[in-house]
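1. Sequence and predicted structure, then a few things I'm wondering about:
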Amino acid sequence: MVNPRSSSSYRLLRFRFLNSPSISRLALILLGFSLFVFLLSQRQIAVFDRGPSFPEESTDLEGRLWGSASGYGYRPCVKPTRKYSAPQNQKHYLTVRSNGGLNQMRTGICDMVAVARMMNAVLVIPQLDKRSFWQDTSTFSDIFDESHFIKALESDVHIVSELPKEMESAPRARKHFTSWSSASFYEEMTQMWKDYEVIHVPKSDSRLANNDLPVDIQRLRCRAMYYALRFSNPIESLGKKLVERLKSHGPYITLHLRYEKDMLAFTGCTYGLTDTEAEELKIMRENTNHWKMKDINSTEQRLGGFCPLTPKEVSVFLHSMGYPSSTWIYVAAGEIYGGETYLSHLRSRFPNLVFKENLATVEELKEFSNHATQTAAIDYIISIESNVFVPSYTGNMARAAEGHRRFLGHRKTINPDRKGLVQLFNMLEKGELKEDANFSSLVIEMHKYRQGAPRKRYGSLPGSKGRDRFRTEESFYENPFPECICHANQH
């Protein structure tokens, strides 16, 4: 099947061909052919249920902007198979330190639930990362409902709040499990129980493969993520209040705007910034030891689609997609680099642009001050419940939110085609295009198949070899289809 993403690129090339000097047409034809071949080689997107109710094809503007066709007939599918049994004779313990930000920790915790099951171990409630960029001192129970987590998974894995006193002097090992490991890897790891009674895992992220795992293990990951790992009551309560306040104004968009200082420094993206700001980001990148890439060409990054969209670019994108200026937009993000200087264009087009600080009272937020992971959890709740979710860049939050929204009925999630959009934005700057109906039609066509419709999870990119191929696979938590999502006609 031809990758439907190729249609927007073809249309853009055709437009440029018809409006370019004849001397460059041959080069454009060759470029177009090369791009076409490249796109054909990419991972296939299997789109389902493309009937009259498919929202991207709807002639009703309201349906096109907000509709998700009631989940396309798909539903969560996490019930264990008949072969699945309750855990037995769990005498060994797995202790874990979850690394990273909120969603990196969440996916890692759920992977460790599955690992504990495969290794027939008791899981000790994980320790959370207190040394990351956010320097958050929150404990597991500050962020998650610990008792619910233990109770919800009691038929899968025995979980305890802390290592029993009698096990503190037991033989133990510190083990860095290999990234993206298979079930057979963890079956081999059970040999360690001959010599140790406790295994400590210092990193939890990406310890488990995305694909080719037993269906019961995949469904356990989903039960852990979407049912067991619930946020603590204070976080859930405030998150739901803020969702209600937003919905009182009608449907709303959550914009995950990755325009924070650390993200721009990490990616080396300085388009639109001053020389002073670009230098500041460069210094930050050079001084952060665990960021391996130091010398980055910002222009190449942007042309390759590897930069977060700027607030101004987001405003052009949403306007071109047809969202009216009266749309309420909730910004799920940390501190935006440059503040109102770079937010002004977005706010001028969409004046109902709000952050949690605008939506909640000072008293309501007081409990969560200086706890970035907890405020990120509030952002996550608002993102999941929004009518439309738009991430300006990929990342753990964007992937987790998209996967959760797919699980809950393929709620509309628009993933901007950053590489394609940059071409259009550059043409706007050069005066080759105007921000008119034609421009809008190009943007809409470009994103026809990027709005969260059901599809199978991507495999690895063609040409990737060895363990590197796992890096190019789509994350299980970004799209738990087909293991955890079934059609209503399936039993």
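-> Thanks, I have it.
2. all contacts plus neighbour counts: C-alpha atoms, from now on.
-> Will do.
3. Verify the stated contact: residue 91 with residue 121.
-> Yes: in this structure, residue 91 is within contact of residue 121 by C-alpha atoms under 8 Å, at 6.7 Å.
4. Residue 190 belongs to a helix, doesn't it?
-> Yes: under DSSP: H, G, I helix; E, B strand; the rest coil, residue 190 falls within a helix.
5. could you list every residue that touches the nearest residue to it once chain neighbours are set aside?
-> Once flanking residues are discounted, residue 190 sits nearest to residue 119: 5.6 Å by C-alpha to C-alpha, 6 or more residues apart in numbering. By C-alpha atoms under 8 Å, 6 or more residues apart in numbering, residue 119 lies in contact with 186, 187, 189, 190.
6. now do residue 232
-> Residue 232 is in contact with 141, 142, 143, 144, 145, 146, counting by C-alpha under 8 Å, 6+ apart.
7. got JSON lines for the residues you listed, with neighbour count, distance to residue 230 and secondary structure too?
-> Output for the contacts of residue 232, formatted as JSON lines (neighbours: other C-alpha atoms under 10 Å; distance: C-alpha to C-alpha, whole Å; DSSP: H, G, I helix; E, B strand; the rest coil):
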{"residue": "141", "neighbour count": "15", "distance to residue 230": "10", "secondary structure": "helix"}
{"residue": "142", "neighbour count": "18", "distance to residue 230": "11", "secondary structure": "helix"}
{"residue": "143", "neighbour count": "23", "distance to residue 230": "9", "secondary structure": "helix"}
{"residue": "144", "neighbour count": "22", "distance to residue 230": "6", "secondary structure": "strand"}
{"residue": "145", "neighbour count": "19", "distance to residue 230": "6", "secondary structure": "coil"}
{"residue": "146", "neighbour count": "21", "distance to residue 230": "8", "secondary structure": "helix"}
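8. can you put those residues in a markdown table and add pLDDT and distance to residue 424?
-> Compiled in a markdown table, the contacts of residue 232 are given as follows (pLDDT from 0 to 100; distance: C-alpha to C-alpha, whole Å):
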| residue | pLDDT | distance to residue 424 |
| --- | --- | --- |
| 141 | 97 | 47 |
| 142 | 96 | 45 |
| 143 | 97 | 42 |
| 144 | 98 | 43 |
| 145 | 98 | 46 |
| 146 | 98 | 48 |
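9. in stretch 303-316, what's buried?
-> Neighbour counts over stretch 303-316 (16 or more other C-alpha atoms under 10 Å) mark 303, 305-316 as buried.
10. ugh, typo on my part, it should be stretch 483-490
-> 483, 484, 485, 486.
11. For residue 172, name its beta-bridge partners.
-> residue 198 (DSSP bridges).
12. does it really touch residue 194, like I thought?
-> No: at 11.0 Å, residue 172 does not count as touching residue 194 under the criterion of C-alpha under 8 Å.
13. the more surrounded of the two?
-> Taking other C-alpha atoms under 10 Å, residue 172 and residue 194 do not tie; residue 172 has more neighbours (19 against 7).
14. Which pLDDT value belongs to that one?
-> Looking at residue 172, its pLDDT reads 94.
15. And it, how close does it get to residue 162?
-> 15 Å (C-alpha to C-alpha, to the nearest Å).
16. same check, this time on residue 446
-> For residue 446, the distance to residue 162 - C-alpha to C-alpha - is 51 Å.
17. pLDDT below threshold where in the chain?
-> Flagging of the chain using pLDDT under 70 yields the residue ranges 1-59, 69-71, 132-134, 490-491.
18. re the thing from before, looking only at neighbour counts, state which of residue 91 and residue 121 leads.
-> Taking other C-alpha under 10 Å, residue 91 and residue 121 do not tie; residue 121 has more neighbours (27 against 11).
19. For that one, which residues are in contact?
-> Neighbour list for residue 121: 90, 91, 92, 93, 94, 157, 158 [criterion: C-alpha under 8 Å, 6+ apart].
20. Just put those residues in CSV and tack on distance to residue 375 and secondary structure.
-> Shown next, in CSV, are the contacts of residue 121 (distance: C-alpha to C-alpha, whole Å; DSSP: H, G, I helix; E, B strand; the rest coil):
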residue, distance to residue 375, secondary structure
90, 36, coil
91, 37, coil
92, 35, strand
93, 32, strand
94, 29, strand
157, 29, coil
158, 30, coil
